[in-house]
Each structure stands twice: as C-alpha cells, then as structure tokens.
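Trainee: Fold the following for me, if possible:
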Amino acid sequence: MEKWIDLKNKEASMKQDKSVIKTDAEITGLLDGELDALRSFCTIKISKMRPQLVSKQANGGKSRKLQYGFTAKKPETSDLSCIVPDRLINRIRLKNIRETVKQVTEAPIHESSVCPDCQKKKAELAKITFLRRKKMLMESALIQEKLEEQIYSGDVLTLIGEALRSFPKPSEDPRNLWQRLKGQKM
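Mentor: Here you go, the predicted model:
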C-alpha cells in the first residue's frame, strides 16, 4: 500500500514538473524541438552533477585545496560529448547582439562642441598650433635673411665693391685727398 502511495506521489510530482515546463515554454516561446533539446541538455548536465554531489557528500563536503586557493577538480571528457542545438546557440547569439545594440543606442553621446572641457582643450591646441606656425614662419624669414646677407656679403664682387668705396674717387681734389690721408695716420 505504501508503495502505491509513493508511486502516486511521484506521478503527481511529475505532472507538476511537466506543467511547469509547459509554462516555461510558453513564457520563453520555445519551439517543441528546442524544448526537447533543452530538456535533454539539462538532464545530461544533471546526471553528470549527481556523481560529483555524491562524492562530495562521501568526502564530508570538503574538496582538496591547492596552492593559492584553487580547488582540485578532475577534468571530465564527457562534457565534450554533450551537444547543444544550433538553434539554441543562434537564439542566444541573436539576444546578445540585440542587447549590445540596445546598450550602444542608449549610451550617451559626447558632443565636443557643447562640452566646456573639450572647448578649452580645443582652444589650447589651436593656440599651440598657431604659435608653432608663427615660430616656423619667423625662423624661416630669419634664415632667409641670413642666407641673403651671406650671399651678398660673401660674394667676391661685393667685397671688391666695399673695398673700392673706401678708395678715393678720381674726380676728387688731390689736396683734399692728401689731407684725408694725413688725418688717418696709422
């Protein structure tokens, strides 16, 4: 009799579980194939977790600690054999893309034309650029002037012309010339 009651309770709990799954499917909008794939995925994961739970309970709930606080865990090769349906993966990717687009569109856009800090920085950069250009123009003008001076003063004909300026002109009076030469005695 007790077994009969236990079986009845199990059937009732299974019916409740199925009704919960149906409501979940209705809420999330899963198709039948997706729902079956999700069920199989979850049952595989749960069946893999049960032995771990049993082994933890047998060890007293303590896991072996490694250096730096990492816990030891045996690598499971059965995780790789679990297949997730492509539809489910594509649906998750689509949700992620939609969420990313939503976050990008809701993010505030910084307008540098209105921001006072940006305007100050822009003015400072414009001033630096202006000063740099003016400095370059002045330096180039100074260099050009020095080059012209060097060309004009370094030319042989210019040097001869400067020397000839100090010589007396043939049209000058010779008496004035002698007086000037006597006055410049070296």
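
Trainee: Quick check: phi and psi on residue 109?
Mentor: Main-chain torsions, residue 109, degrees, to the nearest 10: phi -100, psi 130.

Trainee: typo on my end, it should be residue 113
Mentor: The phi/psi pair for residue 113 (degrees, to the nearest 10) is phi -70, psi -20.

Trainee: where's the closest residue to it other than its chain neighbours, which helix or strand?
Mentor: Nearest-residue entry for residue 113: residue 119, 7.7 Å, with adjacent residues in sequence omitted and distances by C-beta to C-beta, 6 or more residues apart in numbering. To be clear about C-beta, it is placed using only N, CA and C from the backbone, and glycine gets the same treatment. Using DSSP states H and E, residue 119 falls within helix 116-154.

Trainee: any idea of the angle the helix or strand just after that helix forms with helix 116-154?
Mentor: Moving toward the C-terminus from helix 116-154, the first helix or strand encountered (DSSP H and E) is helix 156-166. Per axes from the mean of the first three to the mean of the last three C-alpha atoms, to 10 degrees, the angle that helix 156-166 makes with helix 116-154 is 70 degrees.

Trainee: what comes up buried for the helix or strand that helix 156-166 is followed by?
Mentor: Downstream of helix 156-166, the first helix or strand assigned by DSSP H and E is helix 174-183. When neighbours are counted by 16 or more other C-beta atoms under 10 Å, no buried residue of helix 174-183 is found.

Trainee: So which residues make contact with helix 174-183?
Mentor: Outside helix 174-183, the residues that touch it by C-beta atoms under 8 Å, 6 or more residues apart in numbering are residue 168.

Trainee: after the least confident helix or strand in the chain by mean pLDDT comes which helix or strand?
Mentor: Evaluated with mean pLDDT, DSSP states H and E, the helix-and-strand set of the chain has its lowest mean pLDDT in helix 2-28, which scores a mean of 52. Proceeding C-terminally, helix 2-28 gives way to helix 32-58 as the next helix or strand, assigned by DSSP H and E.

Trainee: Right, I'll call it a day here.
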